[in-house]
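Peer 1: I'll drop the sequence and a predicted model, then ask my questions.
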Amino acid sequence: MRNCLLLLTMFITPALFAQERLQNGRLLLEWKQTGEGYRLQQLAVGGRQLPQPSGEYLVLYSAGKPDSLPDLRLAATHPGGFSLKEYTYLTKNWERNISPVAMNTAGMAIRFFPTSATRANGGLEFRADNAECNITAAWQLDEKNKNDILVSITLTAKQPGYYSIASPTLATLVNNKPDFAMVPGFFQSNTIQPDIVLAYAYGQGIPDKPILFRERSASTLSPLVSSNGITMAVIPAPGTGRDPWEKDRNTHQVWKLGLSVMNRAGQFTPVAYHPVLGEEGSYMRAGEQRTFSFRYSVQQADWYTVYKHAVNDVYRFPDFLKLKKTKTSLTSRIMAMLHYLGNDSTSMWHTFLYKGLQIGAQSYRGGVVGAEGDAMKNSDYGAMWMLANITQDTTLLKHRLPEALNFKLVQQQEEPGFFQGAAIGQYYLWKRKTFTEEWGHYVEPIALTYYTMLDIGNILLFEPGNQALRQRLRLGAEKLLQWQHADGHWEVGYDANTTQPTFTDIPDLRPTFYGLLVAYRILKDPKYLAAARKGADWQIKNGVEKGCYLGVCGDARFVADFATAQTVQAMLDLYDLTKDKRYQDAAIKAAKVYTASIYTHPIPSTAEKSVKGIPRQDWEITQTGLSFEHGGSLGSANHHGPIMLASHAGMFVRMFGLTRDSLFLTMARAAVLGRDAFVDQPTQVASYYWDVMNQGAGHYPHHAWWQVGLLTDYLISEITLRSNNRISFPRGFVTPKVGPHTSYGFAPGTVLGTAASLYMPDGLLKVENPYVDFLGARSTDQRHIYLMLLNNDDAVQQSQVQISPQLIKNIKQAELLDAGGKPEQQALTGNSWQVTIPPYGMKIIKIRS
C-alpha cells in the first residue's frame, strides 16, 4: 500500500478535544492506530454507530495524460446494445462518458491510512508519505451545522504528473447495498441498476460502478447515500466547481469536480474528486500544490433533508432572490408577447392549404429528421385559447385560433388503421406535405396524449359544445385504451411503417395515462378514469417509487427531462378527481426529485462580467435557479446549460401551498424573476438555452406561447397562494411536452367570494414599477373589476397604477383591499393611484363601474 504524507488538523473546542477523537452533541469520530495506520474506529450520529467506519484516503496519479479512448463494450449488456449513430447530439457525449477518467479506471490508485497523529493548532495532525506526493489537511466540526465535518486537503507533488484528490471514505455500507443514493441531476434511486445504459444514460437506478459525474450537469454538488435511516453526503466547498461564465466567456464545459456514490474499490459511499485526473488543474510539477475543501454531512434523516441542507445552507440558494433586480414585469412580458404572437413576421406564422383546410403554424428551425428548413409547429394550445379569450384580441380570435385548430385536425389520423386517433407527428414539413416526429418515423402513445388529448382537451374547455372535437377526443381516447397493456403500461413508440413496438429497451416511465384523465374529465366515461388509474398505478410502482423517469424529447432519445414535472401535476390532477392519497403522495415524491433538475450552484454574486460586450453582474446570468431541458450524462444541459422555459414555476408554487416546503417556492420565484438578461427587449421573448444568453426566440418562435402559459400559471398560482385560496380560477390541462403549466380562463373562478372571470384586455392597467405584476378579473354580473397587484420582491414596493379610461369609462367606486380582502384605509379617487405592497405581498383594487 502506497502512502502520502498527510497533515490532518482538527479544530474543536478544548473541552471536547481528544487526540484521536472529534465530538460534539451529534457526531462522534474516533481514530485508532493500527498496523495500516490511523483508521476511523468509530463514527456515530445521534448515538447511533455506523457499522463500517473506514477513514481510508485515496489519491489518483498518472505520469502521463490519461487515455480518452471509450470502452464501447460497457453497453453490450443493454438489450440491443446502445447504438447512437442516428443521434448526432449524443454520440460524442456518450463516448466521453465511458472514457477511463469518467469510468474511474484511469491512473494509479494510491490508497492509505495516516501513519502518525500529533496535536497542532488545537487539532489533530495525521501524516503519511510516499514517492509521488505530500498532503496536508485540516478537519473541524462545523460550529453552525452540527452534523457537518469540514475538511481541507492540500496535496504537494513530489513527481511531475496528473493528480486527483478524493474525499476519504468515511464509512461503507453493510452488504454494500444502499437504501437510496443520488448524484443530483444524474440519478436518484433505491435500486441498484447493473445495466449501465439505464443507470448512466437514463438515470434509472444506481450505477454499480464508481463513475465520476461532471458538475456541468450536476444540479447540486452533493453526492449522497442513505442506509438504515442515516444519510451521508460529501459537499464540495462553494467555488470548487467550475464557474460556467468566467468574466467574458462560456466556461460551462470546464471539469473541476468528479462526483460519485461509490469509491474506487466499488464500495457505496459518497465521494468527490478535485481536480479531475487529466483535466484543468490536475497536472502538477514537483513542488506545486492543490487544495480540495469539502464537508461531510452525516444525519439521521432522509436524502431530501440532507440534500436541502446542501442547497440552502451550504450553497445559499435563496441568495439569488436577495440579489435579483427586475427591469420588466412578468405581466408586461405577457402583453408584449401578445403583440409578438399577433405579428406574422416576428412570430414566423405561416399558413398552408392541406387536405382542403388552411392550416397555420410557426416555423421551427431546430433539428427535425427529414426537414429542409420547412418544419412547422404549434406548441401550447391551452395558452393560445387562454390568451385570446382573456384579452379578446381580434387577431388571435379571428386568425390564429381557426388556423391552429385546422392544423390540429389534420395532425390526427382520422382514417381507419393502426394509428387511427393518434397524432401522426408534431411537425409539419410543408415541402413534402407530411407530418413527422422529431427524430424518426415512429408514433408515440404519449404523443397521442400530448397532441391529441391535451390540445383538443384544452380547446374543448373553451368550446365545450364543439361536437366534432369531442368525437376527435374520443377517437384518441379509444386508441390509448387499445394500446394500453394489461398491467397499465404503454410502449414508448411504434414504428410508423411496420407498426411494431420500437425503443423496447427503455420503459415508458412517463405520464402517458394523463390523456385518459383528460378524456374522463371532458367525456365523463368512467372507463377512461379506470384506465388512467391503472396507468398511474403502474408508473408509481415502476417509476416513482424507484426514482426512475423517462423523457419526451426524441432528439435526446428520451433521457429524463421536464416530463418528470408533468408527472407531478398529472398525479395531483388524478388526486383531485379520486381523492386517493396515493396519487398526492406520488406527486410530492416526484416533485422532490424534480427539484434536482434545478441548478443550485455556483452561489450568485455581484461580480462584474461581460456578455458579448455588455456589462453584466454575475447574478444576472447565473445558472442558479434555472432548470434542465434534460440533464444527466446525455442531456442538453451538458452542452447548453439550463433553459429559461420554467414550466414548473406554477406547479412549485402549488406544491409549496400543499407541503409548506420553502424550497419549492424559492425555486419557483428564482426561475422566473430577475431574468431580464435573457429576454429580448423588443419582443420580451426569452431565449431558450442559457449558453446563447439573450437571443430572443431564435429557432423556436413557438416558445412564446409556452412562455405566456407558464408566466400566467405562475402569477395565478401566486395569487391563489397569497390570498390563502380566497382567489382562485379553474385549471385546465397541462401543456404538451415541456412541463406542468396549465391553462386558465375557460370558466369563472372566485375572487373574494364573487364569481369572476379573468379579464386582461390590452392596456387595461399601466403599472410603473417593474417589481409589481398584476392580473385582472371581471365579475360574472359585469359590475366589478378586480385588479390583483403582486409585489414580486423581498422589499416593500410602491407603484403608481393607472386604469385605462377607454376600457373602464365609468368608475363609480374604487376600493383598495389587502390580500385577504379586508379594506385598507387609503381612499382611491380618479383613475390613477399610488399603491404600497409588502414584500412578496398582494393588494387588490376593486372597481365598481
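Peer 2: Arrived safely.
Peer 1: For the stretch 401-550 of the chain, which segments count as helices?
Peer 2: 401-411, 445-448, 455-462, 467-483, 514-523, 526-542 (DSSP state H, counting those that start in this stretch).
Peer 1: Put together a markdown table for the ones you listed, with mean neighbour count on each row.
Peer 2: In this view, the C-beta of every residue, glycine as well, is placed from N, C-alpha and C. Below are those laid out as a markdown table (neighbours: other C-beta atoms under 10 Å):
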| stretch | mean neighbour count |
| --- | --- |
| helix 401-411 | 20 |
| helix 445-448 | 26 |
| helix 455-462 | 26 |
| helix 467-483 | 18 |
| helix 514-523 | 25 |
| helix 526-542 | 20 |
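Peer 1: got CSV for the ones you listed, with distance to Phe352 and mean pLDDT too?
Peer 2: CSV is the format used below for these (distance: least, C-beta to C-beta, whole Å; pLDDT from 0 to 100):
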stretch, distance to Phe352, mean pLDDT
helix 401-411, 9, 96
helix 445-448, 21, 96
helix 455-462, 19, 98
helix 467-483, 20, 97
helix 514-523, 27, 98
helix 526-542, 34, 98
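Peer 1: can I get those in a markdown table with distance to Pro615?
Peer 2: Shown next, in a markdown table, are those (distance: least, C-beta to C-beta, whole Å):
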| stretch | distance to Pro615 |
| --- | --- |
| helix 401-411 | 41 |
| helix 445-448 | 44 |
| helix 455-462 | 42 |
| helix 467-483 | 51 |
| helix 514-523 | 45 |
| helix 526-542 | 48 |
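Peer 1: Which one of these lies nearest to Phe113?
Peer 2: Distance to Phe113, taken as C-beta to C-beta, is lowest for helix 526-542 among the helices of the stretch 401-550 of the chain, at 43.0 Å.
Peer 1: Which SSE is immediately downstream of the closest one?
Peer 2: Once helix 526-542 ends, the next helix or strand along the chain (criterion: DSSP states H and E) is helix 563-578.
Peer 1: Any regions of the protein where pLDDT drops low?
Peer 2: Residues of the chain that meet the criterion pLDDT under 70 lie in 1-19, 122.
Peer 1: burial count for Ile135?
Peer 2: By other C-beta atoms under 10 Å, 27 other residues sit near Ile135.
Peer 1: For it, name its beta-bridge partners.
Peer 2: Per DSSP bridges, the residues bridged to Ile135 are Leu6, Leu155.
Peer 1: start at 328 instead
Peer 2: Taking 328 as the first residue, the last one we looked at is Ile462.
Peer 1: closest to Ala1083 out of the helices of the stretch 728-877 of the chain?
Peer 2: Nearest to Ala1083 among the helices of the stretch 728-877 of the chain is helix 782-789; the distance by C-beta to C-beta comes to 17.1 Å.
Peer 1: distance of the spatially most central residue of the chain from Glu956?
Peer 2: Central residue of the chain (C-alpha atoms, centre = their mean): Ser924, 3.0 Å from the mean position. Plainly put, Ser924 is 9 Å away from Glu956 if you go by C-beta to C-beta, to the nearest Å.
Peer 1: Quickly list what's touching both of these two.
Peer 2: Common neighbours of Ser924 and Glu956, counting by C-beta atoms under 8 Å, 6 or more residues apart in numbering, are Phe889.
Peer 1: so who does Ile849 touch?
Peer 2: Going by C-beta under 8 Å, 6+ apart, Ile849 touches Gly784, Leu787, Leu788, Arg797, Leu800.
Peer 1: Hmm, I typed the wrong one, I wanted His1111.
Peer 2: By C-beta under 8 Å, 6+ apart, the neighbours of His1111 are Thr1081, Ala1083, Arg1105, Lys1173, Ile1174, Arg1175, Ser1176.
Peer 1: How about Asn639?
Peer 2: By C-beta under 8 Å, 6+ apart, Asn639 lies in contact with Pro645, Leu990.
Peer 1: can you confirm it is in a strand?
Peer 2: No. Counting by DSSP: H, G, I helix; E, B strand; the rest coil, Asn639 is not part of a strand but helix.
Peer 1: so how far is stretch 1020-1039 from its chain's centroid?
Peer 2: 17 Å (C-alpha atoms, centre = their mean, to the nearest Å).
Peer 1: got the buried residues for it?
Peer 2: The neighbour-count check on stretch 1020-1039 (16 or more other C-beta atoms under 10 Å) flags 1020-1024, 1026-1039 as buried.
Peer 1: Repeat that for stretch 1042-1054.
Peer 2: In terms of neighbour count (16+ other C-beta under 10 Å), stretch 1042-1054 has its buried residues at Leu1042, Ile1043, Ser1044, Glu1045, Ile1046, Thr1047, Leu1048, Arg1049, Ser1050, Arg1053, Ile1054.
Peer 1: now swap in stretch 1128-1148 and tell me
Peer 2: For stretch 1128-1148, burial by neighbour count (16+ other C-beta under 10 Å) applies to Val1128, Ile1130, Ile1135, Ile1138, Ala1141, Leu1143, Leu1144, Ala1146, Gly1148.
Peer 1: Give me the subset of the residues you listed that lies in helices.
Peer 2: Per DSSP state H, helices hold no members of the buried residues of stretch 1128-1148.
Peer 1: of the residues you listed, closest to Leu396?
Peer 2: Of all the buried residues of stretch 1128-1148, Ala1146 has the smallest distance to Leu396: 61.7 Å, by C-beta to C-beta.
Peer 1: Apart from its neighbours in sequence, what residue is nearest that closest one?
Peer 2: Leaving aside its chain neighbours, Ala1146 sits nearest to Met1169 (4.2 Å; criterion: C-beta to C-beta, 6 or more residues apart in numbering).
Peer 1: residues contacting that neighbour?
Peer 2: By C-beta under 8 Å, 6+ apart, the contact set of Met1169 is Glu1045, Ile1046, Arg1049, Ser1050, Met1115, Leu1116, Leu1117, Asn1118, Asp1145, Ala1146.
Peer 1: ok, it to Leu1114 distance?
Peer 2: Counting by C-beta to C-beta, the gap from Met1169 to Leu1114 is 11 Å.
Peer 1: same question, Gln740
Peer 2: Distance, Gln740 to Leu1114, using C-beta to C-beta: 46 Å.
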